[in-house]
Structure formats: C-alpha cells, structure tokens
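Just a sequence and a predicted model for now, questions to come.
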Amino acid sequence: MRTDDLIRTLTADAQPVRPLAVTLIVGLLPALAIAVVAVGLVLGYRPDLTTAIFDPVSAARYVLPLALAGLALPLALRLARPEGAAGARVWPLALPAAVAGGLVLWALLVTPAEGWGMAWRGKTMVYCLVSIPVLSVLPVAAIFAMLRRGATTAPALTGLVAGLGGSGVAAAAYALHCTEDSPLFFVSWYGLAILAVTAVSAWLGPRLLRW
Amino acid sequence: MPQDDWAPLLRAANAGDARAYADFLRAVTPVLRGIVRARGASLGGAACEDVLQEVLLALHLKRQTWDPALPVRPWLYAIARHKVTDAFRARGSRIDISVEDFAEVLAAPPGPDPTEASDMEKMIGLLDPRAAAIVRAIGLDGATMAETAARHGLREGALRVALHRALKQLAALRERHVQ
C-alpha cells in the first residue's frame, strides 16, 4: 500500500474525536457514584456523618485521599499525551503523604503511649484493607479506559498515577462508612490499601498502555 | 506548508473535517518521512516507508491526545519518536533518539512516494475478509464511502464503524508483530 493510499484511508475515517478529559469525566463520575452508593448500601454510612465531616482530623480521612486524587487525575491526563511525560512534575503527589505523616506525629503526641497499639490496630482494619481495593476497581478501570485512548510514553509511571487517583477516590468513598478517626489508624491502613492498589496499577501500566 | 498552519488544520480535523485532515496528513508526511529516513537510512527505503506508515496509523488513532491549546510539533515528534523507536527495535536495530534530534531534520523532498511499503498490505491480509475488503476498496481502489457501503450492503454509519475498527485492528496486529 502506498502512503498516499493510507492517507486516503485515514482521511475516510475522519470523525470528531472526544477530548481525553471528557472521556475521563464520563467514566469516572459514574464510578465515583457507584462507589458512594455501594458504601451506603453494603457498609452503611457512619451515623454521625453530618458532624464528622466537619471535624478537621476526621475530615482528613477523605480530604487527603481527595487531594491525592485531585493531584493525580490532572497528572494522568498530562501523561496520557505522548509529549506529556517530559517535564511532568510528580513530587506534588507527595504533599498529601507529608500532611498524613504530620497527622501521625500529632496523634503520637496527643495519644498516651499505651494507647498507640490500640489506636493503630482499630477495630475495622480488615474491612478497610478489603473495601478500599474493591472500591478502587471501577475508578481505576475508568482512568485506564481514558489512558488506553491516550498515548503515554511512560506507562509504568502513568499506571502508578492512575492507581493513586482511583484509590484516592475509593478511600474517600470508604471514609463515609469508616468511624476510625485516629490518624494512627487511617494513615496506616488507608495508606496501605492505596499503596497496594497503586502497586498493581503500576504493574498493569506497561501491560495495558502499549500503543 | 509552514508549521504554524498545522494547528488550525488538526483542530478542524479533530472536529471531523475530512478535507482539513487530508491537508494535515499531507503536510506532515514529508516531515515524518524525513525523520524516519534520518533515523533508519540503513534499513532501506521500503522499510522506512513501512515505519512511516506505522507512525501515520498511530497518529491517526491517537489524534485525540493532541491538546488544542498546545503546539502540534512537540506532540507530533513524540508520537514519531515512540513509534520509530518501536519499529526499529522490532527490526532488530537499536536506536536511541531524542526529540531535539528532530529539530535539524529536514522534510524529505516533496514528490510522489518513491517506494511502495509492503507491511501494511500483509497486515490487511490478516484482517477478517470483510474488513480487509473495506480497507482495500477505500485505500487501494479509491472507492468513496457511499460506493463501499453500497457494495457491502451497509449503511454509511455502519461502514464508518467497520473502517475505524479495521484501522484499530491493523494497529493491534502491528503491535503483536512487533512483540
């Protein structure tokens, strides 16, 4: 086939294209809605939700994951562009982790040392470690669906960022149920769940994002 | 055509303007050909044309990744770099290229295609028979969408979907070929 023939074929397929940001929103909003509804139906929202969301320490359970998602999603959109990886700044993703680390230090100071173990283990660690990865499946899938229409040149990093964004959304949804308000608990176990999802996503990146 | 004219063409193309898209592809093809030849002179003209066609197919399937607020050239070079590196790796010659290298590359001299590429033809042969017939009708025979639709008993919308799927499948076949 001559290149002119190929160009004619490609031109015949000229159709309006949907911007990647639109693809992301169209996929992620239903995924988020399903996660929020699933938490309410399956786990139940915490009874004192309307007061808890205004308590600054308790609110960190969803503010920090949402901040993580808010940083990761625009970065994922950037990395979806073939030239996006050059000059992409990844370090802002560490900011929510730094704030979480500060909260842990604060909790260690205000919690009596003999109470550390109990606060760390909590009562719902297993629920947390199972629920957040399960709730992450749809948001991460929605982000990957956008990325597969994209053209990343840094697939492992892009998968990692997708995992942070998707599990951040999922952790924020899970926080509507969770009543464990000690940073020693939620930084540890939300954090571990987010890291696990992120590791799997980073592994999936090079496998799913080839083009 | 100077580079400044690429952004309006691609913007119109991405809104569905086929004529603008054809102009865009004809404008960038000599530049891409120059890049591929500069990188892969040792492979010979036909292989370079194969690689060029891979780059064009990738550009087509990934054109939604161009951000209209940004210039076309870095985007285009990033696609070319990715596919050229892939293609030469598949052909057993390792090359390392940086985007900056492209700055000095001159477009290949204008004129008709000097060589007929063969890979795409092989890949078309691997498509299912109807998809292959559609691609050949439009690409090789120069049939219009309406004629092709009539020949295959399809509505034009269904033909568009079939053609788009066939092009995605071609890219996927190449991907498998490369691995």
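Everything's here; your move. Numbers count the residues shown, from 1 in each chain, chains lettered A, B, ... in the order given.

Near chain B, which residues of chain A are found?
A:1-20, A:80-83, A:86, A:149-151, A:153, A:210-211 (C-beta under 8 Å from any C-beta of the partner chain). To be clear about C-beta, it is placed using only N, CA and C from the backbone, and glycine gets the same treatment.

and if we set it to 10 Å?
A:1-23, A:77-78, A:80-86, A:149-153, A:210-211 (C-beta under 10 Å from any C-beta of the partner chain).

Go through these and flag which are in helices.
Taking DSSP state H as the definition of helices, those contribute A:3-12, A:20-23, A:77-78, A:149.

for chain A, what spans make up the helices?
A:3-12, A:20-38, A:49-52, A:56-79, A:94-110, A:116-121, A:125-149, A:155-174, A:183-208.

Out of those helices, indicate the one that is most buried.
With neighbours defined as mean count of other C-beta atoms under 10 Å in any protein chain shown, these peak in mean count at helix A:155-174, which reaches a mean of 28.

Just the C-alpha atoms of it, please, in PDB.
Output of helix A:155-174 as PDB, limited to C-alpha atoms (Å, rounded to 0.1, in the frame of the first residue of the first chain):
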ATOM      1  CA  PRO A 155       3.400   3.500  31.000                       C
ATOM      2  CA  ALA A 156       4.600   2.400  34.500                       C
ATOM      3  CA  LEU A 157       4.500   5.900  35.900                       C
ATOM      4  CA  THR A 158       1.200   6.500  34.200                       C
ATOM      5  CA  GLY A 159      -0.200   3.300  35.700                       C
ATOM      6  CA  LEU A 160       1.100   4.400  39.100                       C
ATOM      7  CA  VAL A 161      -0.600   7.700  38.900                       C
ATOM      8  CA  ALA A 162      -3.800   6.100  37.800                       C
ATOM      9  CA  GLY A 163      -3.700   3.900  40.800                       C
ATOM     10  CA  LEU A 164      -3.200   6.800  43.200                       C
ATOM     11  CA  GLY A 165      -6.100   8.700  41.600                       C
ATOM     12  CA  GLY A 166      -8.500   5.700  41.600                       C
ATOM     13  CA  SER A 167      -7.700   4.500  45.100                       C
ATOM     14  CA  GLY A 168      -7.800   8.100  46.400                       C
ATOM     15  CA  VAL A 169     -11.400   8.400  45.100                       C
ATOM     16  CA  ALA A 170     -12.200   4.900  46.600                       C
ATOM     17  CA  ALA A 171     -10.700   5.800  50.000                       C
ATOM     18  CA  ALA A 172     -12.700   9.000  50.200                       C
ATOM     19  CA  ALA A 173     -15.900   7.000  49.500                       C
ATOM     20  CA  TYR A 174     -14.900   4.400  52.100                       C
END
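
helices or strands up against it?
helix A:20-38, helix A:56-79, helix A:94-110, helix A:125-149, helix A:183-208 (3 or more C-beta pairs under 10 Å, 6 or more residues apart in numbering or on different chains; DSSP states H and E).

try it again with 7 Å
Other helices and strands packing on helix A:155-174, by 3 or more C-beta pairs under 7 Å, 6 or more residues apart in numbering or on different chains; DSSP states H and E, are helix A:20-38, helix A:56-79, helix A:125-149, helix A:183-208.

Export these as CSV, with columns for mean pLDDT and distance to B:Pro68.
Formatted as CSV, these follow (pLDDT from 0 to 100; distance: least, C-beta to C-beta, whole Å):
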stretch, mean pLDDT, distance to B:Pro68
helix A:20-38, 97, 12
helix A:56-79, 96, 14
helix A:125-149, 97, 16
helix A:183-208, 97, 26
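
hang on, the earlier thing: right, so of the helices of chain A, which gets closest to B:Val51?
The closest of the helices of chain A to B:Val51 is helix A:3-12. By C-beta to C-beta, the value is 11.0 Å.

Give me the packing partners of the closest one, helices and strands only.
helix B:18-40, helix B:45-61, helix B:129-139.

Now do the next helix or strand after the shortest one, average pLDDT.
In this case it means helix B:129-139. Of the helices and strands lying after helix B:129-139 in sequence (DSSP states H and E), the nearest is helix B:145-151. The average pLDDT for helix B:145-151 rounds to 91.

what element comes up after helix B:145-151 heading to the C-terminus?
Next along the chain from helix B:145-151, counting by DSSP H and E, comes helix B:156-178.

outside of that next one, which residues touch it?
A:12-13, A:15, A:210, B:54, B:57-58, B:60-61, B:86, B:90, B:123-124, B:126-127, B:131, B:134-135, B:138, B:145-146, B:148-149, B:152, B:154 (C-beta atoms under 7 Å, 6 or more residues apart in numbering or on different chains).

Using CSV, write out every CA atom in it.
What follows is helix B:156-178 as a C-alpha-only set of coordinates in CSV (Å, rounded to 0.1, in the frame of the first residue of the first chain):
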residue,chain,number,x,y,z
GLU,B,156,-22.7,4.6,5.8
GLY,B,157,-22.7,4.9,9.6
ALA,B,158,-22.0,1.1,10.0
LEU,B,159,-19.3,1.4,7.4
ARG,B,160,-17.6,4.1,9.3
VAL,B,161,-17.6,2.0,12.4
ALA,B,162,-16.3,-1.0,10.5
LEU,B,163,-13.5,1.1,8.9
HIS,B,164,-12.5,2.5,12.3
ARG,B,165,-12.4,-0.9,13.8
ALA,B,166,-10.3,-2.2,10.9
LEU,B,167,-7.7,0.5,11.5
LYS,B,168,-7.6,-0.2,15.2
GLN,B,169,-7.1,-3.8,14.4
LEU,B,170,-4.3,-3.0,12.0
ALA,B,171,-2.5,-1.2,14.7
ALA,B,172,-3.1,-4.1,17.1
LEU,B,173,-1.8,-6.6,14.6
ARG,B,174,1.4,-4.5,14.1
GLU,B,175,1.7,-4.4,17.9
ARG,B,176,1.7,-8.2,18.0
HIS,B,177,4.0,-8.3,15.1
VAL,B,178,6.4,-6.0,17.0
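
This completes my enquiry, with thanks.
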